[in-house]
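Undergrad: no FASTA, just this:
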């Protein structure tokens, strides 16, 4: 419903009709529409597995491939179809992401970098979070700009031509 009608079509009446239940039942569980939206998104927003191939480059590429495969539709929907939700609730996609991401979990690329440091592939130095998460940020940008499958050569380019040189420049 969200992907087809966006937040304006995500009403108690429409959801009750699709779920073959009543509005009262929905209100009992989710008194506010944004409660229902967050519960719906949480059901479909499962953490992505962070690969551990034993190699920084391969971990990054495999993670981005998995993210492109499993998150493209959700990221586009969250960014495009929920514009009126953000306006109505005075929130942003980052606020919604923070609600969906477990609070005690570091970003996938922080995990990838930590493993690379443990293996001796990278120096154990502080890195800006923006640099750490850059591969996913660039992938998300491609997802929003192309609204379709992300070519594998784009994923490899993000890692090989942008991220790894930047990481090694910091070392």
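TA: Looks like it came in fine. What you see is a predicted model; the values in this text were computed from it and never measured.
Undergrad: Make sure residue 107 is actually in contact with residue 132.
TA: Yes - counting by CB atoms under 8 Å, residue 107 does reach residue 132; the two are 6.6 Å apart. Where you see a C-beta, it was placed from the backbone N, CA and C, and this is true even at glycine.
Undergrad: and these two? which has more neighbours close in?
TA: Taking other CB atoms under 10 Å, residue 107 and residue 132 do not tie; residue 132 has more neighbours (21 against 14).
Undergrad: Residue 20 versus that one, what's the distance?
TA: 45 Å (CB to CB, to the nearest Å).
Undergrad: Only the buried residues of whichever strand or helix holds residue 95, if you could.
TA: Using DSSP states H and E, residue 95 maps to helix 93-100. Buried residues in helix 93-100, counted by 16 or more other CB atoms under 10 Å: 96, 100.
Undergrad: which other helices and strands contact it?
TA: Counting contacts by 3 or more CB pairs under 8 Å, 6 or more residues apart in numbering; DSSP states H and E, helix 93-100 packs against helix 33-44.
Undergrad: Please identify the buried residues of the next helix or strand after the helix it packs on?
TA: Later in the chain than helix 33-44, the nearest helix or strand by DSSP H and E is helix 56-76. Neighbour counts using 16+ other CB under 10 Å place 56-57, 59-65, 67-68, 71-72, 74-76 of helix 56-76 among the buried residues.
Undergrad: Check these against residue 120 and report the nearest one.
TA: residue 56 (10.5 Å; CB to CB).
Undergrad: State the pLDDT value of that closest one.
TA: The score at residue 56 is 98. That number is its pLDDT.
Undergrad: do the one 10 residues further on as well
TA: According to the model's per-residue confidence, residue 66 sits at a pLDDT of 94.
Undergrad: ok, for it, nearest residue in space, not its chain neighbours?
TA: residue 48 (5.6 Å; CB to CB, 6 or more residues apart in numbering).
Undergrad: Can you give the domain ranges for the protein?
TA: The record assigns the chain these domain ranges, following automatic domain parsing: 1-44, 47-170.
Undergrad: most tightly surrounded among those domains?
TA: Compared across the domains of the chain, domain 47-170 shows the largest average neighbour count, a mean of 15 (mean count of other CB atoms under 10 Å).
Undergrad: what about it, start to end distance?
TA: Using CA to CA, to the nearest Å, the end-to-end distance of domain 47-170 comes to 29 Å.
Undergrad: go on, stretch 115-124?
TA: First-to-last distance for stretch 115-124 - CA to CA - comes to 11 Å.
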